[in-house]
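Q: just a sequence and a predicted model for now, questions to come.
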Amino acid sequence: MSLATRIIPCLDVKDGRVVKGINFLNLVDAGDPVEMAQIYNSEGADEITFLDITASSQGRSTTLEVVRRSADQLFIPLTVGGGISSTDDVNQLLRAGADKVSINTAALKRPELINEISESFGSQVLVISIDAKRSRSSSGFEVTTHGGRQSAGLDALAWVEKACELGVGEILLNSMDADGTRAGYDIGMITAVRAVSKVPLIASGGAGSLEDFAAALDAGADALLAASVFHFGIHRIGDVKKYLSGHNYSVRNAHAV
């Protein structure tokens, strides 16, 4: 029996507020992160992901406080990312109530951080977030930084394979081309990463129609992350679950929300 598909709202947090843009540009305010997390919890989200997109040193205390306040209210796993560069950062977030952490830039700078975190806390707490876009690299996909604006000089599939070898528990695959467009997940990218990944794959970037969620699962995603379609009321989590359940995908509590 296959595991139930997880539906994960993503809260991009900047200066203590949730923001959302298109291709990481033109950010608009979408609300208070703790309030939004509570709403998504009550609507049947399977997990919540917080990404501190500014991740400045001054934002670290803000993030810890948001994590504490949210963890007090949530009964589902909470993943936190942004500005994590050491096992001490991970320890602080887990103590504040996070269940998992997501790393990105720090792992590109120092890949052994993946191994350090998984050995210290277990691979189940570690998600690697990969911001990828189509390119002329060997696989056709490259890793980017700075919201997709700079190339990391790495082939995306090669980085996925290396991250798996070093001990990540999950991959959060963000399509920079599709981010915020609501034009559908990048099916080609999901398919390519699925073929080389040994760990659960979370698809992110481009969710628009209910059919888009199903298409990403067909391509090999294990979980579906979305932001703007939930934040701006285009779909509710219950709508997505009912659609998927009605099309014979396994989801948790499809009719209880």
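A: Thanks, I have it.

Q: average pLDDT for the strand or helix carrying Lys20, rounded please.
A: Lys20 belongs to strand 17-22 when elements are defined using DSSP states H and E. Averaged across strand 17-22, the pLDDT comes to 78.

Q: same question, stretch 88-97
A: On average, stretch 88-97 scores 96.

Q: try stretch 238-257
A: On average, stretch 238-257 scores 87.

Q: off-centre distance for it?
A: 20 Å (Cα atoms, centre = their mean, to the nearest Å).

Q: ok, now stretch 162-178?
A: 10 Å.

Q: buried set for it?
A: Neighbour-count burial for stretch 162-178 flags 163-164, 166-178 (criterion: 16 or more other Cβ atoms under 10 Å). C-beta coordinates here come from the backbone N, C-alpha and C atoms, glycine included.

Q: is the spatially most central residue of the chain in a bridge, and if so with what?
A: The centre of the chain sits closest to Leu172, judged by Cα atoms, centre = their mean, with a distance of 4.8 Å. Taking DSSP bridges as the rule, Leu172 bridges to Ser129, Ile202.

Q: ok, Asn253 to Ala219 distance?
A: To Ala219, Asn253 is 24 Å away according to Cβ to Cβ, to the nearest Å.

Q: how much space between Ser250 and Phe230?
A: According to Cβ to Cβ, Ser250 stands 21 Å off from Phe230.

Q: next: Glu119.
A: Distance of Glu119 to Phe230, computed by Cβ to Cβ: 35 Å.

Q: between these two, who's got more neighbours?
A: Comparing Glu119 with Phe230 by other Cβ atoms under 10 Å, the one with more neighbours is Phe230, at 27 against 11.

Q: picking up where we left off before, quick one: residues contacting the residue nearest to the centre of the chain.
A: Counting by Cβ atoms under 8 Å, 6 or more residues apart in numbering, Leu172 touches Thr49, Ser102, Val127, Ile128, Ser129, Ile130, Ile202, Ser204, Leu225.

Q: mind putting those residues into TSV with neighbour count?
A: Output for those, formatted as TSV (neighbours: other Cβ atoms under 10 Å):
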residue	neighbour count
Thr49	26
Ser102	24
Val127	24
Ile128	29
Ser129	22
Ile130	27
Ile202	24
Ser204	28
Leu225	25
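
Q: between those residues, which is closest to Thr79?
A: Thr49 (4.5 Å; Cβ to Cβ).

Q: can you classify that closest one by secondary structure?
A: Look at Thr49: counting by DSSP: H, G, I helix; E, B strand; the rest coil, its state is strand.

Q: from Leu224, how far out is it?
A: 11 Å.

Q: do the same with Ile128
A: Separation of Ile128 from Leu224 (Cβ to Cβ): 17 Å.

Q: likewise for His146?
A: Counting by Cβ to Cβ - His146 and Leu224 are separated by 25 Å.

Q: please identify which of the two sits among more neighbours.
A: Under the criterion of other Cβ under 10 Å, the comparison of His146 against Leu224 puts Leu224 first, with 23 against 11.

Q: pLDDT at the more buried one, what is it?
A: On pLDDT, Leu224 comes in at 98.

Q: same question for Val13.
A: At Val13, the model reports a pLDDT of 88.

Q: that one in helix, strand or coil?
A: Assignment for Val13 (three-state DSSP): strand.

Q: that one against Thr63, yeah?
A: Yes. Under the criterion of Cβ atoms under 8 Å, Val13 makes contact with Thr63 at 7.0 Å.
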